[in-house]
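Visitor: make a model of this:
(one chain, ligands or ions: 3)
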Amino acid sequence: MWRRLGFLSPAISSSKRQNRIPESLKLVMLFATDAVKDDITASRRPFITFVLGGPGSGKGTQCARIASAFGFAHLSAGDLLREEMSCDSKKGKLIRDIIMEGKIVPSEITVHLIKEAIMSSSADRFLIDGFPRSEENRIAFETIIGVEPNLVLFFDCPEEEMVKRVLGRNQGRIDDNIETIKKRLKVFEMLNLPVINYYSAKGKLYKINATGTVDEIFEKVRHLFGSLRP
Ligand SMILES: Nc1ncnc2c1ncn2[C@@H]1O[C@H](COP(=O)(O)OP(=O)(O)O)[C@@H](O)[C@H]1O
Ligand SMILES: Nc1ccn([C@H]2C[C@H](O)[C@@H](COP(=O)(O)OP(=O)(O)O)O2)c(=O)n1
Ligand SMILES: [Mg+2]
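Guide: Ligands and ions are numbered 1, 2, ... in the order given. Prediction:
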């Protein structure tokens, strides 16, 4: 199956940028012992799908459809961070400032939130929406949670369409403005494309053209998940 996905995913031009792992994350990785990993993987091996794509490419919209049609639990990294951001704490303020700037929150914070969400769910299949957004995110997940995704979806959408959708989103998000979206598009290209290339090379990537109506896009997604039987 994965070989087939690899065949379906055309190679994406690679980024020359290197992502550096910060010292703080190296420490977390050092202490991510097997005992910690076993929290999630000892009694079960959930089917994990990462859902990637630029801001406004339709990840959240399609995840909601996949979750209800195929029984996945939908974990949005952005939603988890926004929930944490609403806390009146130093960490909440840090997350708010980073999101406003269109940058990526330190991986130890995001992976911790995802880990808690997986552990408090009894689901056997997860959509992890908007993660990993950088090589640092990806490596932190693999190290701390100790599993790799079974499948990676990439919603490929032209920039002008993404900008139009984000500006029309109307959900009161602090980052849905033209200044932040411009920064987010740069960050997407610099940090997220290398992750997409990584999974493409591993034959785990399924690239979906994200233009068209929600129904048209979901038809392609439905076809993929219908053939999976996770
Ligand atoms: N295929 C589509 N065509 C037009 N608008 C869309 C489509 N898919 C999603 N949208 C709208 O675009 C906005 C961004 O979609 P969303 O699912 O939040 O994207 P993402 O999670 O990738 O940022 C939302 O207002 C959503 O209703
Ligand atoms: N893995 C992640 C996911 C989101 N974030 C932060 C930075 C992102 O710009 C914001 C919003 O992410 P979210 O996935 O909700 O955004 P979109 O649905 O793509 O518009 O959250 C992060 O730092 N790391
Ligand atoms: Mg989203």
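Visitor: now stretch 161-179: buried residues?
Guide: Met162, Val163, Arg165, Val166, Asp175, Asp176 (16 or more other Cβ atoms under 10 Å). C-beta here means a position set from N, CA and C on the backbone, and glycine is covered the same way.
Visitor: Leu75: what secondary structure?
Guide: Here Leu75 is strand, with the state taken from DSSP: H, G, I helix; E, B strand; the rest coil.
Visitor: show me which of the buried residues of stretch 161-179 is closest to ligand 1.
Guide: Arg165 (3.3 Å; Cβ to the nearest ligand atom).
Visitor: secondary structure element for that closest one?
Guide: Taking DSSP states H and E as the definition, Arg165 sits inside helix 159-167.
Visitor: again, but for Arg222
Guide: For Arg222, the host element (DSSP H and E) is helix 214-226.
Visitor: wondering if the following helix or strand past the helix holding Arg165 reaches ligand 1 at all.
Guide: Note on helix 159-167: by DSSP H and E, the next helix or strand toward the C-terminus is helix 178-187. No - under the criterion of Cβ under 6 Å from any ligand atom, helix 178-187 makes no contact with ligand 1; the nearest approach is 9.5 Å.
Visitor: and the next helix or strand after helix 178-187, what's buried?
Guide: Downstream of helix 178-187, the first helix or strand assigned by DSSP H and E is helix 193-201. Using 16+ other Cβ under 10 Å as the test for burial, helix 193-201 gives Leu193, Pro194, Val195, Ile196, Asn197, Tyr198, Tyr199, Ser200.
Visitor: where does the first one land on pLDDT?
Guide: It refers to Leu193. Leu193 carries a pLDDT value of 98.
Visitor: give me the number of residues near the closest residue to Phe225 other than its chain neighbours?
Guide: The shortest distance from Phe225 to any non-neighbouring residue, by Cβ to Cβ, 6 or more residues apart in numbering, is to Phe70 (4.9 Å). A count of nearby residues for Phe70, using other Cβ atoms under 10 Å, gives 17.
Visitor: hang on, the earlier thing: can I get the helix holding Arg222 in PDB, CA atoms only?
Guide: Taking only C-alpha atoms (Å, rounded to 0.1, in the frame of the first residue of the first chain), the coordinates of helix 214-226 have been written out as PDB:
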ATOM      1  CA  VAL A 214     -15.100  20.700  -0.400                       C
ATOM      2  CA  ASP A 215     -17.200  17.900  -1.800                       C
ATOM      3  CA  GLU A 216     -14.800  17.400  -4.800                       C
ATOM      4  CA  ILE A 217     -11.800  17.300  -2.600                       C
ATOM      5  CA  PHE A 218     -13.500  14.900  -0.200                       C
ATOM      6  CA  GLU A 219     -14.300  12.500  -3.000                       C
ATOM      7  CA  LYS A 220     -10.500  12.100  -3.600                       C
ATOM      8  CA  VAL A 221      -9.900  11.700   0.100                       C
ATOM      9  CA  ARG A 222     -12.800   9.200   0.500                       C
ATOM     10  CA  HIS A 223     -11.300   7.100  -2.300                       C
ATOM     11  CA  LEU A 224      -8.000   6.900  -0.400                       C
ATOM     12  CA  PHE A 225      -9.400   6.100   3.000                       C
ATOM     13  CA  GLY A 226     -11.900   3.600   1.500                       C
END
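Visitor: apart from its chain neighbours, what residue comes closest to the residue nearest in space to the middle of the chain?
Guide: The centre of the chain sits closest to Phe131, judged by Cα atoms, centre = their mean, with a distance of 2.0 Å. Distances taken as Cβ to Cβ, 6+ apart put Ala77 closest to Phe131, at 3.9 Å, once the chain neighbours are dropped.
Visitor: sweet, I'm off.
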